[in-house]
Every structure is written in structure tokens, then in C-alpha cells.
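Undergrad: when you get a sec, could you give me coordinates for this:
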Amino acid sequence: MNLSTFRWINRRHLKVTAVLGMLLPLTVFAEHDHSRNSVIYGKPVTGINEFCGSPVFSLPLPSGLPPTLRATNLGQYNPGGVLPFPLSASNCSDDIIVTTTTDLDFLAAAGIPDVNPGLKNIPLRQNFVITGQDGSRSMVPSIRQVPGNALPPTTSNPNYQITLGKWLSAKGRIHIECKSNGKATLEASFKNLIPNGVYSMWGVWTTPPPGPPIVPVPLGGIPNALVPDRHGEASFYRELASCPLDVTQDGSTMMFITLAYHSDSDLNGANPELGAVPTTFTPSVGSPFTTTIVPGVATHDAMEFPINVEAFR
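TA: Numbering: from 1, shown residues only. This next block holds a predicted model:
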């Protein structure tokens, strides 16, 4: 072996040693990173733990509350009546138009008064939106119904009626990675959502006494909103303070994750809706009225992801 050959072999040896030296810490780190990965698929729903009149999950609620606790958020449009038709297995068909509604049993159990009937039986695309500086709401026309002036405000296109078939065609997937330090990351992807719709993501918890039995919390903090593109596709990524799969130090358990649709195109920070605030509504036809807002007239659970619950279907 001549001197030049020896020098070439020695340089190659040094390069390989350097590369191995850089890779070794990464390899050791991977061996000590005890991350847990879970992939969870969403279930389209027509209410809180509800699908066309039936519960979706068995919830780990405190004694005194049924594990099948649920609340409908959608009704079937009744063009000839004041109230919508309730959703059930008999009318759970793709072609019906879905509307705002309330669940009287759920409201009674929660001690919440029902709303003015003027907030019910409204197709989701035609719902009241905030138009006044005092938070008052009215119905606004489609962008195709008015000239291209600054006023009045309009809804955006597409503006087709939302059918139950379109609602239930939504698909969602969540990837959760729980870190060895107790924290986690969450990445969600969606297809077939309502184009240009306003959605928000919530972790729904149950807490030990004296905490409330059901607590919706903005998933990964505020803001927890997403707006699908014109094809109905959207993504959502957040860092989490704890692993959703585990019980927290205070004994709280995340039961499921909710994707909520806001038919009023409004967000309320850390609250799904401002239910205690009397609000004035001005319909397109008829006199203004004042009432509160409850689940089903402004927000609607669109998809739920089971975390620490048992699914019935």
C-alpha cells in the first residue's frame, strides 16, 4: 500500500467515524423517547353524543347521570310549520334539509330555559348572524341576491341548502402523539366539510366532584377555529398540555373530541355559545324578538372522536 492510498483510507475512516458520532446521540435519544401514537377516526353526528335519535358513546359520567346522555342539534326542515321534524331512524335520509332545533329533555336536565321558537326550523345556511354593534342578529342575503355594493353584508358562496347526506359525508382523522414528558401533539385532517363554514374543536371532559360532570374546553387552547376551503378540506394542529388518553392529575378524563359547526358564523372564545346573554333577533319577515342562545340554534356537533369512551356503533 503506497502513502497516498493510506491517506485516502484514513480520511474515509475519519469521515465515517464523524458521521457515526453525529448519528449516535439521535439513536440514543430515540431509544429513550417512549412516545405513544394513536390514530382516531371521527364519527359524524347530529348532536351531542347523538345520531338520529340514538346515543353514539357510553359516557363515563358520575352516578346520577346516564351514560347515554345526549342532545340533538339538528332537525328536519318543516316548510309548513313553526317547528322542525325531530330526527329519528325513520327520517334519517340523505335528502332532507337540516335545520336549527333544541333538545327539550337536555335543556330541562341542565336547568336551561328553551329559546324563542323563532330560532328553530331555520336551514343552517339561512341562520341569524351578528350584524349590530350591540351583538344583535339578523338574517343576511346571499352574495348573489344583491348588487356589488359595500352594503348590505352577505353570506358567501357556495350557499346551497345543507342536506343530511352532505352533513354525514364528512370525514375526519386525528393523530395524537403522547410524549414521554406528559405533553402531546394533535394533528387532524378533514374532508367533505361545509365549504367556507366556521368550525371549532373542543375536548369534552368529565371532572370529579365538585367540578361539573361535563366540560367543553377549547382543544389545544384558543383560538380553536378552522375554516374549510372551497372543497371542504381543512387541517388542525395543536400542542396539548397533557395526553388526552390519560387521566389528569386532578382526576379529569377527556371523553371525546368534538368538531362543532357554527351556523351563525360566530365564535365565542372559551365558550361554545353565550347562552346567558339575551340577544335581539330581527327575522327577514316578522317582528324582532329577544331570547337567549342554547345548543342547536347556533352551534351543532358535526363530528366526534372517541378518546376514553365506548362506541355503540
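Undergrad: for the stretch 51-200 of the chain, what spans make up the helices?
TA: Listed in chain order, the helices of the stretch 51-200 of the chain (DSSP state H, counting those that start in this stretch) span 104-110, 164-168.
Undergrad: of the ones you listed, which stretch is the most buried?
TA: Of these, the one with the most neighbours on average (mean count of other Cβ atoms under 10 Å) is helix 164-168, at a mean of 19. The way it works is simple: take the backbone N, C-alpha and C, and place the C-beta from them, glycine included.
Undergrad: show residues contacting that one.
TA: Contacts to helix 164-168, defined as Cβ atoms under 8 Å, 6 or more residues apart in numbering, come from residues 44, 46, 74, 76, 87, 92-98, 192, 194, 302.
Undergrad: which ones among those residues lie within strands?
TA: 44, 76, 98, 302 (DSSP state E).
Undergrad: wait, isn't Ala199 in contact with Gly232?
TA: Slight slip there: residue 199 is Tyr, not Ala. No. With contact defined as Cβ atoms under 8 Å, Tyr199 does not count as touching Gly232 (10.7 Å).
Undergrad: give me the more crowded residue out of the two.
TA: Ranked by neighbour count (other Cβ atoms under 10 Å), Tyr199 and Gly232 place Tyr199 first, with 25 against 19.
Undergrad: which residues do Tyr199 and Gly232 both contact?
TA: Counting by Cβ under 8 Å, 6+ apart, the contacts common to Tyr199 and Gly232 are Leu193.
Undergrad: re the thing from before, looking at the helices of the stretch 51-200 of the chain, which is nearest to Pro283?
TA: If you check each of the helices of the stretch 51-200 of the chain against Pro283 by Cβ to Cβ, helix 104-110 wins as the nearest, at 22.0 Å.
Undergrad: what's the closest one packed up against?
TA: Judged by 3 or more Cβ pairs under 8 Å, 6 or more residues apart in numbering; DSSP states H and E, helix 104-110 is in contact with strand 71-72.
Undergrad: just the mean pLDDT for the strand it packs on, thanks.
TA: On average, the pLDDT along strand 71-72 is 96.
Undergrad: same check, this time on stretch 136-156
TA: Throughout stretch 136-156, pLDDT has a mean value of 82.
Undergrad: buried set for it?
TA: When burial is assessed from 16 or more other Cβ atoms under 10 Å, stretch 136-156 yields the following buried residues: 137-140, 155.
Undergrad: kindly report the same for stretch 282-302.
TA: For stretch 282-302, by 16+ other Cβ under 10 Å, it's 282, 291-302.
Undergrad: so which residue is smack in the middle of this structure?
TA: Nearest to the geometric centre of the chain sits Leu259, at 1.3 Å (Cα atoms, centre = their mean).
Undergrad: in a helix, that residue, correct?
TA: No. Read with DSSP: H, G, I helix; E, B strand; the rest coil, Leu259 is strand and lies in no helix.
Undergrad: let's see which of the buried residues of stretch 136-156 end up in strands.
TA: 137-138.
Undergrad: need the buried residues of stretch 136-156 in CSV with distance to Ser252, can you?
TA: As requested, the buried residues of stretch 136-156 are exported to CSV (distance: Cβ to Cβ, whole Å):
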residue, distance to Ser252
Arg137, 34
Ser138, 40
Met139, 40
Val140, 40
Thr155, 39
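Undergrad: Gly64: which of the buried residues of stretch 136-156 is nearest?
TA: Nearest to Gly64 among the buried residues of stretch 136-156 is Arg137, at 36.3 Å by Cβ to Cβ.
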